[in-house]
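Colleague: what follows is a predicted protein model with its sequence.
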Amino acid sequence: MKLLLSFLCALVTSSALGADLERGKTLYSQLCFNCHGPTLDGGQGPSLRDQYWRHGSSPAAILEVINKGVPGSAMIAYEEVFPEADRLALRDFILSEQEGMRETVRSVYPVEYFKGKRFAPKDFASVESLSQTPLPENHYYFKRNGVGVLRGNSKLYIKTAGEYRFSIGPIGRTSIFLNGEEIHYSDANTDKKTHFNKTVTLQPGVHDLEIFHEEKKSHSYRFRAVLQQVGGKSFALTGRSLEGNIPKFIKARPGEALVVRKWIKDLPPRTLMCLLSNQVIVALNPVDGQIIKAWHSAEINQTPSLPDRSAKPSEVTGTPIDQFKSSPLKSDSLRFLRYQIKGESALISFKTQDGEKTVAISPEGAQSFSISIQ
Ligand code: HEC
């Protein structure tokens, strides 16, 4: 009887799961593939298979996006479109297509507790973490010159059975646990070769992955860890800093202006962004020499584009300056020549009917700028 029961249970769960995945796949190929691509690699919408999850990679986070959509984007809410069973089937289908690390939570622990101890998951249960952050991408780095032991907990999705090995950047000390067992340890004394030769056999499915990492004095940059299938694909276990997580800001250095060309929404493509040392940013159109916009207390948030993600423009954060003097140059028959930095000023030169003219943009007070012709 017991045998029969477990046999029946196995039959029910496996066929139910199979049916749901089939259903999820069918729905996906009717609707979602238009934007996310037939193989989930992205198109108008982002890839649903890469390492970067803007809204989170956990089953709950994926379901939330399917249910509620992303307001202001082409991703609409499907709550009213499909019954719950279908939305769950879509989520499970997306999960079934994953490879590599997902649902990473990065915690930081005080170093004192781990002095002289080899990292082991059980030791972490008895210490309070300093912080815990769910990561939308595989990015363990927490802050420059920060001191702490990093702990990353993730789900590792494997689709192809085989031999895998870890390649770890040889800085600080690193331990890797897979399904609760230590499979890698390296520190400054470890022979460099051994950073690369740990091989493990992995079966398709979802594995628990834990990475512990500590740098010698303080964290100076992200350490590198890659999982590679022998003769197959590689998965970065620590990633690049991309949209959302740690934005990169561009600002002028003290006492020096900076001119950059960026793709900023609502500004013409080749706009010169003049960043002044008082955190004023002036947008100048090189085509007609006119100032389009200016901000104070401003910086440019650079959101890098990815090959498999739709490119995103950079954004200016700051307070728009309502009134500013317009450029004294006549806009007709100008030709932009070059820009230069001279101390606190940005110098933008044009060829005009009366010869070469240079517009100097300089900081003025805390929240303004001056403009003059040289
Ligand atoms: C009309 C185009 C379009 C269709 C159709 C569409 N999506 Fe999207 N989807 C998007 C866009 C665009 C985004 C990115 C939204 C943002 O973050 O700005 C997105 C984001 C997502 C995300 C979050 C990705 C991340 O990085 O966090 C998930 C999950 C998702 N879509 C699932 C689905 C599913 C499942 C379907 C089918 C039911 C679907 N989408 C149909 C355009 C679409």
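Modeller: Nice, I can see it.

Colleague: going forward, measure contacts between C-alpha atoms and count neighbours the same way
Modeller: Fine.

Colleague: what's in contact with the longest strand seen in the chain?
Modeller: If you go by DSSP state E, the chain has its longest strand at strand 291-302. Outside strand 291-302, the residues that touch it by CA atoms under 8 Å, 6 or more residues apart in numbering are 247-251, 267, 275, 278-285, 313-322, 324, 326-327, 367-368.

Colleague: those: which ones sit near the ligand?
Modeller: Among those, not one lies near the ligand by CA under 6 Å from any ligand atom.

Colleague: quick check on those residues: which are buried?
Modeller: Neighbour-count burial (16 or more other CA atoms under 10 Å) is assigned, among those, to 248, 251, 275, 278-285, 313-316, 318, 320-321, 327, 367-368.

Colleague: where does this protein dip in pLDDT?
Modeller: 1-19, 136-139, 170, 192-197, 220-222, 239-249, 302-313, 331 (pLDDT under 70).

Colleague: for residue 227, which non-adjacent residue is closest in space?
Modeller: residue 166 (4.6 Å; CA to CA, 6 or more residues apart in numbering).

Colleague: elements contacting whatever helix or strand that neighbour lives in?
Modeller: Using DSSP states H and E, residue 166 sits within strand 162-168. For strand 162-168, the elements it packs on are strand 198-202, strand 225-229, judged by 3 or more CA pairs under 8 Å, 6 or more residues apart in numbering; DSSP states H and E.

Colleague: just the CA trace of that strand, in PDB.
Modeller: C-alpha atoms of strand 162-168 as PDB (Å, rounded to 0.1, in the frame of the first residue of the first chain):
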ATOM      1  CA  GLY A 162      28.700  17.500 -16.200                       C
ATOM      2  CA  GLU A 163      32.000  18.400 -14.700                       C
ATOM      3  CA  TYR A 164      32.200  22.000 -13.500                       C
ATOM      4  CA  ARG A 165      35.100  23.900 -12.000                       C
ATOM      5  CA  PHE A 166      35.500  27.200 -10.200                       C
ATOM      6  CA  SER A 167      37.900  29.800 -11.100                       C
ATOM      7  CA  ILE A 168      38.500  32.300  -8.300                       C
END
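
Colleague: so it versus strand 225-229, what angle?
Modeller: On the basis of axes from the mean of the first three to the mean of the last three CA atoms, to 10 degrees, strand 162-168 is oriented at 160 degrees to strand 225-229.

Colleague: partner strands of strand 162-168, with direction?
Modeller: Neighbouring strands of strand 162-168 in its sheet, by DSSP bridges, are strand 198-202 (antiparallel), strand 225-229 (antiparallel).

Colleague: find the nearest non-adjacent residue to residue 48, please.
Modeller: Going by CA to CA, 6+ apart, residue 48 has residue 40 as its nearest residue, at 5.3 Å.

Colleague: that neighbour: what's it in contact with?
Modeller: Counting by CA under 8 Å, 6+ apart, residue 40 has contacts 33, 47-49.

Colleague: tell me which stretches of this structure form helices.
Modeller: 2-27, 33-36, 59-68, 84-96, 121-124 (DSSP state H).

Colleague: mind listing what's buried in the third one?
Modeller: Of all the residues in helix 59-68, those buried under the rule 16+ other CA under 10 Å are 61-67.

Colleague: who touches that helix?
Modeller: Residues contacting helix 59-68 (CA under 8 Å, 6+ apart): 55-56, 76-79, 87-88, 91-92, 95.

Colleague: among those residues, which ones are buried?
Modeller: 56, 77-79, 87-88, 91-92, 95.

Colleague: and which of those residues is nearest residue 148?
Modeller: residue 56 (24.5 Å; CA to CA).
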